[in-house]
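>>> coords please:
(chains A and B)
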2 protein chains.
Amino acid sequence: MTDLLITGIGELTTNAVGLGDDVADPTGLIRDAALLVRGGRVAWAGRAADAPAALADAPARHRSGAETPAMDRSLGAQAVSRGEVRVVDAGGRAVVPGFVDSHTHLVFGGDRADEFEARMAGVAYAAGGIRRTVAATRAASDDELRARLGRLTAELHAQGTTTFEIKTGYDLTVDGEARLARLAAEATGEVTFLGAHVVPAEYVDDREAYLDLVTGPMLDAVRPHARWIDVFCETGAFTPAESERVLRAGIVAGLRPRVHGNQLGEGEGVRLAVALGAASVDHCTYLSDADVAALAGSDTVATLLPGVEFSTRHPYPDARRLLDAGVTVALASDCNPGTSFTSSMPLMIALAVREMGMTIAEAVWAATAGGARALERSDVGHLGAGARADLVILDAPTRTHLAYRPGVPLVHEAYRGGVPLR
Amino acid sequence: MTDLLITGIGELTTNAVGLGDDVADPTGLIRDAALLVRGGRVAWAGRAADAPAALADAPARHRSGAETPAMDRSLGAQAVSRGEVRVVDAGGRAVVPGFVDSHTHLVFGGDRADEFEARMAGVAYAAGGIRRTVAATRAASDDELRARLGRLTAELHAQGTTTFEIKTGYDLTVDGEARLARLAAEATGEVTFLGAHVVPAEYVDDREAYLDLVTGPMLDAVRPHARWIDVFCETGAFTPAESERVLRAGIVAGLRPRVHGNQLGEGEGVRLAVALGAASVDHCTYLSDADVAALAGSDTVATLLPGVEFSTRHPYPDARRLLDAGVTVALASDCNPGTSFTSSMPLMIALAVREMGMTIAEAVWAATAGGARALERSDVGHLGAGARADLVILDAPTRTHLAYRPGVPLVHEAYRGGVPLR
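Residues are numbered from 1 along each chain as shown, chains lettered A, B, ... in the order given. Okay, here's the model as predicted:
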């Protein structure tokens, strides 16, 4: 694999403390920067002026002998081959780590555009809407689900998302949940078992039997494909006691816990997530002071999903309150057909800045390093030495444009493991 | 020019009254539709089942003799040549008229990302911010302005905008305003003279002298390149009397009037626009009942610019109130570096639905036919027979997805005059 040197970076967000122009900057921002990729990982990041020294240390891997610079027409940015190192000139553009979308539901059948349209006309959202997608998903073939997932994956990549999680939870039978997990695992290593998404229609009169299924045969069938166990701890979904039972069964089976909670009202989701050492508690729209304090005293990330509030007209969560209390905040899309059918991490950043009191630096960090924390990943979400070379060259001179230019596609080029995504 | 038949359209928005499945539907929506383009114009639109009859009427123009269907790899949609008619299968996707963005400021130097970031942190917007862009624009060369304009034009096209207006107003000298109008005219026929954008710094102590310039030598210099005269009628910009003087001078010189008004507070902008028969009054955030009644009794369009409210945190205009009163509403981006640096008409639609009480049908109409009304254009903004074949094939089965999937790039292919834009 040829080394890759990206030069001419107007502004590089590394999220590596101590690497930035200001050593105290948590986003490790370097102006006039360059980045060296070796073996798909970041070998060096720093000021462009210091790049020649870094280059001199690079062993010759693919000495092509071709000394004549040749335009690589497949790249918008100017790329020339210099023998052992491929050089890409970012032309003053900003570079950020690839977005880490730690909360999606990308394997599903049908859509719920009619429900969205009705809600915008004034009809309230009911959690039971999930059951419509369950019916459509059960009816879909593997190929249909795989085709949809492929289109959505391409859509995420085109918008700069280089790592994403996918939840099950739209089948709610043993074989069906295993099927969704298997299909999700074809697209990502971050698969979450969400059999406890909602009690399916056929079990509404016997919740205990459904919980036995989720914590028994269904868990056994899904476990080989999954890394995470999740539960929707909310009025209308699962009670705190039921949620705890689900999470504990998953933990015993070797899965790491995460929680959907505090979306539609205050509740026990946050308390439970912190008590069980969950990586993340997602939504966090309605929080008590005790919830905020519990999060601040824990390693559990508060993952905020502003696409949901945009698409349901619920009030946005107060990110400022969480950040001021010292809570680690992530942003994710919650891409799903019911309450947030967006996959745009740039729009999540813009909404976080417009609606949730986050600064641009905080929002970009939350959509990259924050997502990585929520997935307990140290290899993505930053561009310090050793990180996987997942990055986005923006069609903009600064990351500020992600909020300053809402809705505009600003991904010039995205790389994963040092390889262009297209 | 080969005829073009687009078949397999899941849902076609024609905006042609009487053409839709429901004859009373102002958006003329046809399901399972097809569209025939001849000579760059819509020759026929209707149900796909009726397309063969329409095709039989098509004279053979380019009989290629190649009967073997050949994939056109440059198109995402399947395209085959059938002798005299090129056939594109939209694959069930929705088609809408190309977006008509009737309010932009695309010729400028510099940006104001720092001002945006400060505002998001709590600093109020002052109209004087325009003067910063004036300084940067004066300092920019023709080539610099042309390069920026070219990038923004490509960006608009990629987002489905096929007609757009551009205002001057970032130079405010005679030669400079003429230069901006000339450059704008290289990109569009819809150029607006906005010498009365703000009083430039060098005239703050002699407003009358600046008005003499705007209504005299500057108007004479710009007029050959422009179709419209505009004024920013607002506290901090121009008084109602000054605004009327500017508009009347433009009208005498053969320009059609439009007005920036009622953005930052109630004022005389709407009254003036209606009194002078302006095509549109833009912003309309603060309206009295008398303003609404005046608009309803006129042909003047109320153009709403939700990108401004998104980017300034001002309250969104109440589109529902206007629509319920019978006012014609348009949506536009106001793409400019100070208060709305977005060019995304899809996001304007999503914001109109989320924040302004518009239905999806109303928002799509406002972003297409509404914009055309605001520019007094009958050839664009609809897909009835005779219209210029400006259209967008969406990566979605219905237009609802433009609001249901906020921030996601949904333009599969855009055509202008029957020719793909790319």
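
>>> chain center to the longest helix seen in chain A: distance?
Using DSSP state H to define each element, chain A has its longest helix at helix A:142-158. Mean-position distance between helix A:142-158 and its chain equals 16 Å (C-alpha atoms, centre = their mean, to the nearest Å).

>>> what pLDDT, on average, does it get?
Across helix A:142-158, pLDDT averages out at 98.

>>> after it, next one along is what?
Downstream of helix A:142-158, the next assigned helix or strand under DSSP states H and E is strand A:161-167.

>>> which residues of chain A lie near chain B?
A:111, A:113-114, A:116-117, A:120-121, A:155, A:158-159, A:307, A:310-311, A:313, A:341-344, A:346-348, A:350, A:353-354, A:359-360, A:397-398, A:400-401, A:403-409 (C-beta under 8 Å from any C-beta of the partner chain). C-betas here are computed from N, CA, C, even on glycine.

>>> correct me, but residue A:178 touches residue A:220?
No. Shown here, residue A:178 and residue A:220 do not form a contact pair, counting by C-beta atoms under 8 Å, at 9.0 Å.

>>> that older thread, put the buried members of the residues of chain A next to chain B into a PyMOL selection.
Selecting only the buried entries of the residues of chain A next to chain B in PyMOL, with 16 or more other C-beta atoms under 10 Å in any protein chain shown as the criterion:
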select buried, chain A and resi 111+113+116+117+120+155+158+159+307+310+311+341+342+343+344+346+347+348+350+353+354+359+360+398+400+401+403+404+405+406+407+408+409
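
>>> ok so, going back, out of residue A:178 and residue A:220, which sits in the more crowded spot?
Between residue A:178 and residue A:220, residue A:178 has the larger neighbour count (other C-beta atoms under 10 Å in any protein chain shown), namely 23 against 12.

>>> residues in contact with the closest residue to the more buried one other than its chain neighbours?
The shortest distance from residue A:178 to any non-neighbouring residue, by C-beta to C-beta, 6 or more residues apart in numbering or on different chains, is to residue A:221 (3.9 Å). Neighbouring residues of residue A:221 by C-beta atoms under 8 Å, 6 or more residues apart in numbering or on different chains: A:174-175, A:177-178.

>>> show the pLDDT at residue A:221.
Confidence score, pLDDT, at residue A:221: 98.

>>> mind telling me what element it is part of?
Applying DSSP H and E, one finds residue A:221 within helix A:217-222.

>>> what about that helix, distance to the chain center?
Centre-to-centre, helix A:217-222 and its host chain are 25 Å apart (C-alpha atoms, centre = their mean).

>>> buried ones in the following helix or strand past it?
Later in the chain than helix A:217-222, the nearest helix or strand by DSSP H and E is strand A:228-233. Of the residues in strand A:228-233, A:228-233 count as buried by neighbour count, 16+ other C-beta under 10 Å.

>>> contacting residues around the following helix or strand past strand A:228-233?
For strand A:228-233, the succeeding helix or strand toward the C-terminus, using DSSP H and E, is helix A:240-252. Taking contacts as C-beta under 8 Å, 6+ apart, the residues outside helix A:240-252 that touch it are A:193, A:195-196, A:207, A:211, A:214-216, A:219, A:228-229, A:231-233, A:238, A:257, A:259, A:267-269, A:271-272, A:276, A:278.

>>> taking those residues, please make a PyMOL selection of just the buried ones.
Per 16+ other C-beta under 10 Å, the buried members of these correspond to this PyMOL selection:
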select buried, chain A and resi 193+195+196+211+214+215+219+228+229+231+232+233+238+257+259+267+268+269+271+272+276+278
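
>>> residue A:11 pairs with what?
residue A:31, residue A:94 (DSSP bridges).

>>> what's the burial count for it?
Neighbours of residue A:11 (other C-beta under 10 Å): 22.

>>> local confidence estimate at it?
The model's pLDDT for residue A:11 equals 98.

>>> wait, what's in contact with the residue nearest to residue A:385 when sequence neighbours are not counted?
Of all residues not flanking residue A:385 in the chain, residue A:42 sits nearest, at 5.7 Å (C-beta to C-beta, 6+ apart). Contact analysis of residue A:42 by C-beta under 8 Å, 6+ apart lists A:35-36, A:383-389.

>>> element containing residue A:42?
Residue A:42 belongs to strand A:41-47, assigned by DSSP H and E.
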